[in-house]
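S.K.: How does the following fold in three dimensions:
(3 chains)
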Amino acid sequence: MSHFSLSGLSEPQRAAASTINGPVLILAGAGSGKTRTVTYRMAHMVLNEKIPSSSILAVTFTNKAAKEMKERVIGLLGKRKGRGLTVSTFHSLCVRILKEEIHHLGYSNRFSIYDGGDQVAIVREALTYYHAGKKFDKKMILGRIGFLKNNGILPEDYIQSPFFNEEDEYDLAVETVYRFYQERLKFCNAIDFDDLLLLTVHLLDKHPEIARKYSEKYQYIMVDEYQDTNPLQFSLVQALTSAHHNICVVGDDDQSIYAFRGADIRNILEFENHYKGTRVIKLEQNYRSTKKIIDLANEVIKLSAGRKEKTMFSTNDTGPKPYLWRTGDTDHEAGVVVDDIIAYQKDGGSLADVAILYRSNTQIIPFEDALRLSMVPYRIIGGQKLYDKKEIKDLIAYLSVIHNPKDELSLRRILNVPNRGIGPVTLESHLEIAKVNECSLFEAFELAAQSGEKVAHGGADFVKTIRKYQQKFQEHTLAEALSTLIEEIEYYAYLEKNYDHPKMLEKKRSDVQYFIESAERFTRFRGKFATLEEFIEKLLLADSQNEEKDDEDPDVRRNEVTLMTLHSSKGLEFEVVYFVGMEEEMIPHKKTITEGGDINEERRLCYVGITRAKEKLVMTYCQQRKIYGKDTPRHKSRFVQELEALYEEQDRNALGHLTDEEADEYIADVFSGLISSLED
DNA sequence: GGTTATTATTTTTTT
DNA sequence: AATAATAACC
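M.R.: Okay, the predicted model is just below:
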């Protein structure tokens, strides 16, 4: 007897939702109702098949996707039955496992998570010890370490791995630096982003009984955006399915755009070989976009090499042909786009349905300027995170040290912030104490404080403060403890001392204020579970999509134009999409062309951008763009070359795209705008 | 030793 | 154009 009906699904969607045992591969084209299918599948499992929700695990890539998926399943299941469900990102799943099990690897479960800046600092330090008569590029080294980690290679395995070439001086440098790097992290009881996966996989590999435990806990596993998984994530999935083969992966090889980050498209292309007896289901009907947009998208992606055969179709034959606008320079490009957005709004359109998509973050400046000038509200997704700002990092470093005093990087960051008279000399002497006593830097400061030497005055205060707040964070709420901490260290006074521009100071102050507020929100939402530990974890795993406006109604997109990169647009949709910078050397990007990268990935990125549009798609390219401060001529992207029949190309430099009548109207409009601006 | 001037170098995408 | 790295200077 079924309680939950799948009749709201199409034939293939229903097949996907009702096949729950054994391996399943759902090839879900853009806009094919993937999330709907997956959420119905979970509801079906719980309500019809009586599978306890606690034995279902769904894994996504971003917090935002996880949150949305969980909300939608709860919408179907109700809060009570939905609560036990685990919907998590790969990274937070690994944190969860490591918090339980990391002691098997010799770390304590109060580990810190190090971000990109911390990583660079360690590599810099390592390189000061490694001289081979040459200077090495930190980014490059770090990139290689990341690559090795994503392929599951630990420092001790590196030399025997196929990636090591003793002729290559970089490989030799990496051999030393990687070892140092990993030891340093361990000494600080810290792990980096890649370690979250690497150590988890390593752990499950070394301890099959632990793998079995988690595999038995999660009897049914689903992985979203499977085309973006890397070799480690693949191993993790294998370990988690070791007790059963109830694995359902959802993805679209045409939307694989994260190879640069280690994603391996072969994971999805060869899934059927990895799991015998896989049921493959294709979702090819697009419910999102008009036929005209899908036709263009299909032609663009057709030339991508090595893809799984499939063709999307749409039955929605309304709407205009996609446009391709030729514009002058970047300011002109931004200007015509914003003008068009204003016209759309005048016609009753909502800004919430409009997005501007670009290949690279460097493109946003002219658009921001134009939007601000015309007073069109907008919101930028991604880019710099709040938590990347210096002041916020200082405060997070305080929290980190309070939680894990071994975290030497954070400790050194805040030792003299605000100034306590602990300069390089004091630091050096305490590092020496730490070395002699084989203890952490923090313990060295404690030792020195106990011995009562005069030189350690600031240090003694510092140590006392940290100890005091370890206590305070236990006794008071997170938000309270944090704000008294900021008072106690006189952080505002420190800001005042360091920023003399009042505008800048105000900005810093409000950032700190915002940080406190976010701690308050967190406290409010999590109640007594709002621990320091959880808060730090949330901060560090937050992705740039999470512009935390969680006080507001999450279902209502605000009346703002959305600006974001093509990468962060994956999974989203908008009525109107401006795909800007459709130029050679932009997409495909110059780096990809000159460094022999995979042009197919750029093509797929282009495909992702086009398929975000539901109703109207406008692509633009500039004839001229400033590159490194120099005007450079530009040309339209090869991806839309020879597809002229599928879009309407317009020269936006003049009014050539308008009929005479429209041109008159336009001129009158501009004119009256001018008059009213003069009157102001 | 720390600050400032000059010069080199960069602009891909991010959990 | 903007930023980071390096050199030069106080």
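S.K.: A:Gly33 contacts A:Arg14, doesn't it?
M.R.: No - applying C-beta atoms under 8 Å, one finds A:Gly33 not in contact with A:Arg14, separated by 11.0 Å. C-beta here means a position set from N, CA and C on the backbone, and glycine is covered the same way.
S.K.: Looking at these two, which one has more neighbours?
M.R.: A:Gly33 (21 against 18; other C-beta atoms under 10 Å).
S.K.: Next one, pLDDT for the more buried one please.
M.R.: As summarised for this prediction, A:Gly33 has a pLDDT of 92.
S.K.: Work out for me the element A:Val201 sits within.
M.R.: helix A:193-206 (DSSP states H and E).
S.K.: Is there any residue in that helix that contacts DNA strand B?
M.R.: Yes - contact of helix A:193-206 with DNA strand B (C-beta under 7 Å from any atom of the strand) involves A:Phe193.
S.K.: mind listing what's buried in that helix?
M.R.: For helix A:193-206, the neighbour count (16 or more other C-beta atoms under 10 Å) marks A:193-204 as buried.
S.K.: Please name every helix or strand in contact with the helix or strand following that helix.
M.R.: Later in the chain than helix A:193-206, the nearest helix or strand by DSSP H and E is helix A:208-217. If contacts are counted by 3 or more C-beta pairs under 8 Å, 6 or more residues apart in numbering; DSSP states H and E, helix A:208-217 sits against helix A:193-206, helix A:231-240.
S.K.: Is it possible to get CSV of these that adds mean pLDDT?
M.R.: As requested, these are exported to CSV (pLDDT from 0 to 100):
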stretch, mean pLDDT
helix A:193-206, 94
helix A:231-240, 95
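S.K.: circling back: could the buried residues of helix A:193-206 go into a markdown table alongside distance to DNA strand C?
M.R.: As requested, the buried residues of helix A:193-206 are exported to a markdown table (distance: C-beta to the nearest atom of the strand, whole Å):
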| residue | distance to DNA strand C |
| --- | --- |
| A:Phe193 | 20 |
| A:Asp194 | 21 |
| A:Asp195 | 24 |
| A:Leu196 | 26 |
| A:Leu197 | 27 |
| A:Leu198 | 26 |
| A:Leu199 | 28 |
| A:Thr200 | 32 |
| A:Val201 | 32 |
| A:His202 | 31 |
| A:Leu203 | 34 |
| A:Leu204 | 37 |
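S.K.: just those now: which is nearest DNA strand B?
M.R.: The closest of the buried residues of helix A:193-206 to DNA strand B turns out to be A:Phe193 (C-beta to the nearest atom of the strand; 4.4 Å).
S.K.: Contacts only, for that closest one.
M.R.: Counting by C-beta atoms under 8 Å, 6 or more residues apart in numbering, A:Phe193 makes contact with A:91, A:113-115.
S.K.: Of these, which belong to strands?
M.R.: For the contacts of A:Phe193, membership in strands holds for A:113-114, with DSSP state E as the criterion.
S.K.: Could you identify the buried members of the contacts of A:Phe193?
M.R.: Applying 16+ other C-beta under 10 Å to the contacts of A:Phe193, the neighbour count classes A:91, A:113-115 as buried.
S.K.: By pLDDT, give me the weakest of those residues.
M.R.: Among these, A:Asp115 has the weakest pLDDT, 81.
S.K.: Would you mind measuring from it to A:Arg412?
M.R.: 15 Å (C-beta to C-beta, to the nearest Å).
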